[in-house]
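Chemist: What follows is a predicted structure for the sequence shown.
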Amino acid sequence: MKGKFVYLLIFCGLVSLLILNCARKIEPPVAKRIPKYDTLFGDVRVDYYYWLRDRENPEVIEYLRAENKYTEKIMADTKRLRERLFKELKSHIKETDESVPVKYGDYYYYTRYEEGKQYPIYCRKKGSLEANEEVYLDVNQLAKGKEYFRVSSLTLSPNHQFLAYVADTTGREKFTLYIKDLETGEILPDRIPDVYYGLAWANDNKTIFYTTLDSTLRPYRLYRHVVGTDPSEDILVYQENNGKYYLSVRKSRSGRFIFLELNSEITSEIWYLDADNPSERFKVIKPREYGVEYKVAHQGNFFYITTNKDAVNFKVVKTPVEAPGEKNWEEFIPHDKDRMIYGIDAFKNHLVMSYRENGLRKLKVIEVDSKKEYDIPVDEEVYTITLGDNPEYDTDVIRYVYNSLVTPRTVYDFRISTGEKELKKRQEVPGYDMSEYETKRIWVIARDGKKVPVSLVWKKGFKADGTHPCYLYGYGSYGSVIDPRFSSNRLPLLNRGFLYAIAHIRGGGALGRQWYLDGKLLKKKNTFFDFIDVAEYLIRQKYTSRDRLVISGGSAGGLLMGAVTNMRPDLFKVVIAKVPFVDVLNTMLDPSIPLTVIEYDEWGNPNEKDYYFYIKSYSPYDNVEPKEYPNMLVTAGLHDPRVQYWEPAKWVAKLRHNKKDNNLLLLKTNMSAGHFSYSGRYDYLKDIAFEYAFIFKVLGIEE
């Protein structure tokens, strides 16, 4: 028996050696190294992978495809696992479903999904919910034969006869404007290319305003189009030549005004137009003032303006419509250092203020006549509450959406006159019982003494003994907050014993405007330090361990992934970097790239010495070193206008050349999409299944 056991060991060893030898034969692509030298402030930089920026170069496309083939070969042993995970993810989606109808004018509008179909079906009923259904836009029909198809900015004319919408077929976010006559079902011939999000109808039911893009994909021109006329004759209403400003257009809920809005990272300027007189000139509310932001809502004879003028966390002023200039601003809601105000939604007889306090979203109802104020009640310690779809101006009912990390998306109607809330619908999640999961918020003390909030969710039975895997997510830029919302896509992790954590780090806006300011420009490293401190805390408290810790972030959150991986590669087992903004210095030095000039106020302008060297000190691409790195999955989109595909491609190429380990490093580029991956509601689940399979492969999770 002993001899047989020895032979068995030898046989197993030979098999293992054979497997290893086979694995070694799968060699990763090696990108050419062609030096490009740049010198600024006496600092010489060499970029060996600059050539990957040329998307017209066949060698670039060949390299991206080679990386995809390598990734697929390495992940070949997970094919069945990916198929199972895809089915599991899909099983938690109620495939045939519809939204809660919204009353708008004489119609009830809603969206349907049908089993097996990728895209929404937009419907309405006239007069009552018992009326016959009218399908006014079936995106499945429009998307036939297209690899990528995305519809956005659906906007109805005031008389509900015309539907305007924009469609993108590449993921580049360059849309074509279409107008459909809902009475005849005809899509009109006046189609307009290269437009952006946002449309506004005038009250004559024939004039529509839209924006177009410049060479950097910045919306900079506002045009006026009349239905049935040649788009080449459209009137240019406004052109913004300052590259730091985005132009957008919208209509007030009251229907009385159209707003032309100009926004940079930290400065606003808003113009208004009587929607009854679309050919008149727009008038400015307050001329731009560097560092001053504001938003406008209309009610009756007043504009309500949310602004950070002398108010870091924003305040609300009101001003007469006839003379809205700053000299006539009257304080309506004062500034509060402990409360971040996002904005005012105006209805005929009440206002709703969206704000954040102690890291949590809240909605405050303000009854204009009685001046009565109260918050819409919530039920959980950690949650997210936002206004829902409220197109009606003269209404006593507010629709809002509530959810948490354990509570699926829930739609309520809140009646002002009675203070009662009515449950309209809770998202049905097949195979999910919310009573089996728990959520809470913890506070982690960062290295400088600041308290960082962290949202957690797990399946009951979880024990903090250091054996559980943890998926730690972070973003931390632009003042954005990753609110604790429900997602059925987390269930494959939670059901396998994962702790899911969201680190609400500086650079985001979880604790107000100052929380954002303390994580940008020359304080950007606070974002990375906070994330590392949260990771260390989770390990120290035995929520997880270093060899079970997965970190993830996308876009600017991908920058976070790159920075913390350079700083503390020993701390993480797996890094998921989705369309990561990692070539920060080179991108911010190139004004021809979309977003660059606009984002000087976020990252700093590296043409200034202090910003140059500070950005260089954390830019992930510039700080790759010859050392050991964790297992990494990096994704990209060939048509991505927000983070160009070459940033992750260059980063991976440089990591391959420098890293001193045998850990996995995979680059997966979507060759037919952009920043947001696939457009269909099922296809993107394949990306999630792939990501989870990568994680399970590294962590040794069997199923």
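Modeler: That came through, no problem.
Chemist: Just want the phi and psi numbers for the residue nearest to Leu81 when sequence neighbours are not counted.
Modeler: In space, and not counting its chain neighbours, Leu81 is closest to Ala693: 4.9 Å by Cβ to Cβ, 6 or more residues apart in numbering. In this view, the C-beta of every residue, glycine as well, is placed from N, C-alpha and C. With angles defined as degrees, to the nearest 10, Ala693 sits at phi -60, psi -40.
Chemist: Just confirm Ala693 contacts Arg82, I think it does.
Modeler: Yes. Between Ala693 and Arg82 there is a contact under Cβ atoms under 8 Å: 4.7 Å.
Chemist: list residues touching both of these two?
Modeler: Met75 (Cβ atoms under 8 Å, 6 or more residues apart in numbering).
Chemist: which of those two has more neighbours?
Modeler: Legend: neighbour count by other Cβ atoms under 10 Å for Ala693 and Arg82, higher for Ala693 (23 against 19).
Chemist: Please report the distance of the more buried one from Ile576.
Modeler: 12 Å (Cβ to Cβ, to the nearest Å).
Chemist: And for Phe303, the neighbour number?
Modeler: Under the criterion other Cβ under 10 Å, the count of neighbours that Phe303 has is 26.
Chemist: Report the secondary structure state of it.
Modeler: Classification of Phe303 by DSSP: H, G, I helix; E, B strand; the rest coil places it in strand.
Chemist: in the helix or strand encompassing Pro648, what counts as buried?
Modeler: Per DSSP states H and E, Pro648 falls inside helix 646-658. Buried positions in helix 646-658, judged by neighbour count with 16 or more other Cβ atoms under 10 Å: Trp646, Glu647, Pro648, Ala649, Lys650, Trp651, Val652, Ala653, Lys654, Leu655, Arg656.
Chemist: What lies in contact with that helix?
Modeler: With Cβ under 8 Å, 6+ apart, helix 646-658 has contacts from 28, 30-31, 33, 47-50, 52-53, 55, 60, 63-64, 67, 558, 562, 577, 579-583, 587, 620-621, 624-627, 629, 632, 634-636, 665, 667, 669.
Chemist: Now go through the residues you listed and say which are in helices.
Modeler: Judged by DSSP state H, helices contain the following of those: Val60, Tyr63, Leu64, Glu67, Gly558, Gly562, Thr587.
Chemist: The last one against Val597, yeah?
Modeler: No. Applying Cβ under 8 Å as the test, Thr587 and Val597 come out as separate, 11.2 Å apart.
Chemist: The two - which one has more neighbours?
Modeler: Thr587 (23 against 20).
Chemist: measure the more buried one to Leu40 for me?
Modeler: 14 Å.
Chemist: Now do stretch 658-668, average pLDDT.
Modeler: For stretch 658-668, the mean per-residue pLDDT is 98.
Chemist: Could you do stretch 362-375 as well?
Modeler: 92.
Chemist: Please enumerate residues in contact with it?
Modeler: 299, 349-356, 376, 378, 385-387, 398, 400, 414, 416, 419.
Chemist: ok, now with 10 Å
Modeler: 299-300, 302, 304, 316, 332-333, 339, 341-342, 344-357, 376-378, 383, 385-387, 398, 400, 402, 414, 416-417, 419 (Cβ atoms under 10 Å, 6 or more residues apart in numbering).
Chemist: In PyMOL, select just the buried ones from the residues you listed.
Modeler: PyMOL command restricting the contacts of stretch 362-375 to the buried ones, with burial defined by 16+ other Cβ under 10 Å:
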select buried, resi 299+302+304+316+332+333+339+341+342+344+345+346+347+349+350+351+352+353+354+355+356+357+376+383+385+398+400+402+414+416
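Chemist: returning to that earlier point: between Ala693 and Ile576, which contacts overlap?
Modeler: In contact with both Ala693 and Ile576: Leu633, using Cβ under 10 Å, 6+ apart.
Chemist: Mark which of the contacts of helix 646-658 are buried, thanks.
Modeler: 28, 31, 47-50, 52-53, 60, 63-64, 67, 558, 562, 577, 579-583, 587, 620-621, 624, 629, 632, 634-636, 665, 667, 669.
Chemist: what helix or strand is Lys87 on?
Modeler: If you go by DSSP H and E, Lys87 is part of helix 79-91.
Chemist: Nearest to Pro324 among the ones in helices among the contacts of helix 646-658?
Modeler: Thr587 (38.1 Å; Cβ to Cβ).
Chemist: Gly558 is in contact with Asp640, correct?
Modeler: No. Using Cβ atoms under 10 Å, Asp640 makes no contact with Gly558, being 11.3 Å away.
Chemist: what do these two both touch?
Modeler: Val579, Glu647, Pro648.
Chemist: Just give me the closest of those to Gly680.
Modeler: Val579 (18.1 Å).
Chemist: What segments of the stretch 551-700 of the chain are strands?
Modeler: Assigned by DSSP state E, counting those that start in this stretch, the stretch 551-700 of the chain shows strands spanning 574-578, 631-637, 665-670.
Chemist: Ok, which of those comes nearest Val195?
Modeler: strand 631-637 (20.7 Å).
Chemist: just the angle between the closest one and strand 574-578, please?
Modeler: Counting by axes from the mean of the first three to the mean of the last three Cα atoms, to 10 degrees, strand 631-637 lies at 10 degrees to strand 574-578.
Chemist: and which of the buried residues of helix 646-658 is nearest Tyr196?
Modeler: Distances from Tyr196 to the buried residues of helix 646-658, taken by Cβ to Cβ, are shortest for Glu647, at 22.5 Å.
Chemist: Please name the residues that touch the closest residue in space to Leu363 that isn't next to it in sequence.
Modeler: Nearest non-adjacent residue to Leu363, counting by Cβ to Cβ, 6+ apart: Ile376, 4.6 Å away. For Ile376, the contacting residues are 352, 362-365, 385, 387, 398, 400, 402, 412, 414, 419, 421, by Cβ under 10 Å, 6+ apart.
Chemist: Then Tyr473?
Modeler: 455, 482, 490, 500-503, 531, 550-554, 557, 560, 576.
Chemist: check which helix or strand covers it.
Modeler: Per DSSP H and E: strand 470-474 holds Tyr473.
Chemist: Paired strands for that strand, with orientation please.
Modeler: strand 499-503 (parallel), strand 549-554 (parallel) (DSSP bridges).
Chemist: so after that strand, what's the next helix or strand?
Modeler: Following strand 470-474 in sequence, per DSSP H and E, is helix 491-494.
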